[in-house]
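In: Sequence plus the predicted model coming up.
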Amino acid sequence: MPIVGERRAALVLFLILCFAVLSLPQIGTVKAEGTIYIRADGTVEGTDKIHRNGNVYTFTGNLYDPIVVEKDNIVVDGNGYILQETDYNRTQVYPLLRGIMLNSRSNVTIKNIKIKSFYEGLYLNSSSGINISGNTIIAEIGIGLTSSHNNTISRNIITKARLGIFLRSSSYLAGSTYNTISGNYIINNGEGIFLQSSSNQIIIENYIANNVNGTHIFSPPFAAASSNNRFYHNSFVNNTRQIYMEKGFAITDPVNSWDNGSEGNYWGNYYYVVDDDGDGIGDSPIVFDANNTDNYPLVSSIMPPLFVFDAGTWEDTQYNIYVFSNSTASDFSFNPETTSSIQFSVEVENGTTGFCNVTIPKGLLYTEDNWTVLVDGASVTPTVNEDASNTYLYFTYNHGTKTVEIIGTDAIPEFLSWIILPLFIVATMVVMMFKNKLSRKGLKKD
């Protein structure tokens, strides 16, 4: 090959190498395109990743566009997949972008979806008979209801929101009543549950922790107060203010029930509770004001704590590790570049048995073989379950402070492994060309 031809070939290969390196940040990035519709006639528009089987609509992959539901009497099953907004420009143009919107809908179930990065994760307007269950939601507003009634919000994880669950005008404007909020983990938010002109709600068995306000009851000026709501069997833990009642200039003061007539709520260490007779119920009521009293405060929480650890963000996707445990979990660490494992500490009271139920996203850490779980270096055998997106590990250990390490085989970012080989091949070809060129020059001199 002539010298000029060799230089050209080398230049082309060098440009390919540079292009591959510069393309690394773009690999795997998913851009939003539009809006997905489940139309009134049952058809799905905007994606091929929702499979319809009768009135059941099941995700078959992650989605990156908002969903508008226009059909009643259906089930939308996320199957553990993600619904995430990744287009920063779109959120600037449409600042009130909602993950799933139901307007004047009835008898719809939304379940098993991980909803992230929208202004409002789920929004119901003038809707009834809606069941929202088993979802994980990270949004500015987790779940919002306006003028909606007889809906059920259960077993969801709502975290890192300004408003966790927001019920506005759910009774004052439209006479809506009896939404049930039960069994949810509402943690690390600004407002855990925010009631604005909302009455006759049933709020039971929720774990409401590490929020600025556990529950904010707001009665707007010259409007009816948020009253006749029933709270019991909830766990209020480590909120800056467990309850904040903002009366304003409401027509009447808010009057709510904080027990079911025999059992109330658990208030963490916020209120001092004495239980001399050992029946699990405080001997004295907790009085918030003249119209709001927990007559039977609980001594212990009904629901186990949930700890949420930020494992990092890769390719516009933010990953969390969820740990349900009767221990205090802390000191989380994960470095995919050095080890395919996660670590955290647990502390459980002496003389008791601790347990952990750990949710690990498959895109973050996975193994085709058996998981290795070490507690203070000793191997324990976990119970393993999984769905399309997550692995769930359950294991127990004896009392004390322990270090837990969970070891897989494949850790994010996986794209580096397949891009490195082409780069290596290109670099090798460039080196070989120049080496051959130098060899021929040496032969000519001889």
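Out: Perfect, I can see it now. Computed from a prediction, not measured in an experiment: that's the story for all the values here.
In: Which stretches in the stretch 251-400 of the chain count as strands?
Out: Listed in chain order, the strands of the stretch 251-400 of the chain (DSSP state E, counting those that start in this stretch) span residues 286-289, 292-294, 306-314, 317-325, 328-334, 341-348, 354-361, 365-366, 372-375, 378-380, 383-386, 390-397, 400-407.
In: Go through those strands and name the closest to Ala209.
Out: Each of the strands of the stretch 251-400 of the chain has some distance to Ala209 by CB to CB; the shortest is strand 306-314, at 7.7 Å. Where C-beta positions appear, they are placed from N, C-alpha and C, glycine not excepted.
In: can you map out the helices along the stretch 151-300 of the chain?
Out: Counting by DSSP state H, counting those that start in this stretch, the stretch 151-300 of the chain has no helices to list.
In: low-confidence ranges in it?
Out: 170-177, 221-224, 248-251 (pLDDT under 70).
In: Now for Ile243: which residues touch it?
Out: Ile243 makes contact with Asn213, Gly214, Thr215, Ile217, Phe236, Phe288, Asn292, according to CB atoms under 8 Å, 6 or more residues apart in numbering.
In: Export the residues you listed to a markdown table and append columns for distance to Gly42 and neighbour count.
Out: Formatted as a markdown table, the contacts of Ile243 follow (distance: CB to CB, whole Å; neighbours: other CB atoms under 10 Å):
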| residue | distance to Gly42 | neighbour count |
| --- | --- | --- |
| Asn213 | 42 | 23 |
| Gly214 | 41 | 30 |
| Thr215 | 39 | 28 |
| Ile217 | 40 | 23 |
| Phe236 | 43 | 25 |
| Phe288 | 49 | 15 |
| Asn292 | 47 | 20 |
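In: what two of those residues are the furthest from one another?
Out: Most distant of the contacts of Ile243, by CB to CB, are Asn213 and Asn292, 14.7 Å apart.
In: circling back to that earlier point, which one of the strands of the stretch 251-400 of the chain lies nearest to Ile110?
Out: strand 390-397 (18.0 Å).
In: Identify each buried residue in that closest one, please.
Out: Asn390, Thr391, Tyr392, Leu393, Phe395, Tyr397 (16 or more other CB atoms under 10 Å).
In: Assumed Arg90 was part of a helix.
Out: Yes - using DSSP: H, G, I helix; E, B strand; the rest coil, the assignment for Arg90 is a helix.
In: my guess is it contacts Leu97, does it?
Out: Yes - Arg90 is within contact range of Leu97, at 6.7 Å (criterion: CB atoms under 8 Å).
In: Next one: the closest residue to Tyr271 other than its chain neighbours from Asn292, what distance?
Out: In this structure, Tyr271 finds its nearest non-sequential neighbour in Ile286, 5.0 Å apart by CB to CB, 6 or more residues apart in numbering. Distance of Ile286 to Asn292, computed by CB to CB, to the nearest Å: 9 Å.
In: likewise Pro220?
Out: Applying CB to CB to Pro220 and Asn292 gives a distance of 18 Å.
In: With Asp72 instead?
Out: On the measure of CB to CB, Asp72 and Asn292 end up 37 Å apart.
In: and if you look at Ile113?
Out: Taking CB to CB, one finds Ile113 at 35 Å from Asn292.
In: that older thread, the residue nearest to Tyr271 and Tyr270 touch, don't they?
Out: No - Ile286 lies out of contact with Tyr270 (CB under 8 Å); the separation is 9.2 Å.
In: Quick one: mean pLDDT over stretch 60-78.
Out: Taken as a whole, stretch 60-78 has a mean pLDDT of 96.
In: CA atoms only: put it into CSV for me.
Out: Extracted C-alpha coordinates of stretch 60-78, given in CSV (Å, rounded to 0.1, in the frame of the first residue of the first chain):
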residue,chain,number,x,y,z
THR,A,60,-43.4,-5.4,28.1
GLY,A,61,-40.6,-2.9,28.6
ASN,A,62,-39.6,0.5,30.1
LEU,A,63,-41.6,3.5,28.8
TYR,A,64,-40.5,7.1,28.5
ASP,A,65,-43.6,9.0,27.6
PRO,A,66,-46.7,10.0,29.7
ILE,A,67,-49.8,7.8,29.5
VAL,A,68,-53.4,9.1,29.1
VAL,A,69,-56.0,6.6,30.0
GLU,A,70,-59.3,7.1,28.1
LYS,A,71,-61.0,3.7,28.8
ASP,A,72,-62.9,2.5,31.9
ASN,A,73,-62.9,-0.9,33.5
ILE,A,74,-59.3,-1.9,32.7
VAL,A,75,-56.1,-3.0,34.4
VAL,A,76,-52.8,-1.3,33.6
ASP,A,77,-50.0,-3.6,34.9
GLY,A,78,-46.5,-2.3,34.8
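In: in it, what's buried?
Out: For stretch 60-78, by 16+ other CB under 10 Å, it's 62-72, 74-78.
In: which one of those sits closest to Leu163?
Out: For these, the nearest to Leu163 is Pro66 (18.5 Å; CB to CB).
In: got the phi/psi numbers for that closest one?
Out: phi -70, psi 150 (degrees, to the nearest 10).
In: where's the residue nearest to it when sequence neighbours are not counted relative to Ala378, distance?
Out: Excluding the flanking residues, the one nearest Pro66 by CB to CB, 6+ apart is Thr35, at 5.4 Å. Going from Thr35 to Ala378 by CB to CB gives 52 Å.
In: go on, Ile217?
Out: Taking CB to CB, one finds Ile217 at 48 Å from Ala378.
In: Please tell me how far Glu120 sits from Glu140.
Out: On the measure of CB to CB, Glu120 and Glu140 end up 7 Å apart.
In: So for the two, which sits in the more crowded spot?
Out: Legend: neighbour count by other CB atoms under 10 Å for Glu120 and Glu140, higher for Glu120 (23 against 19).
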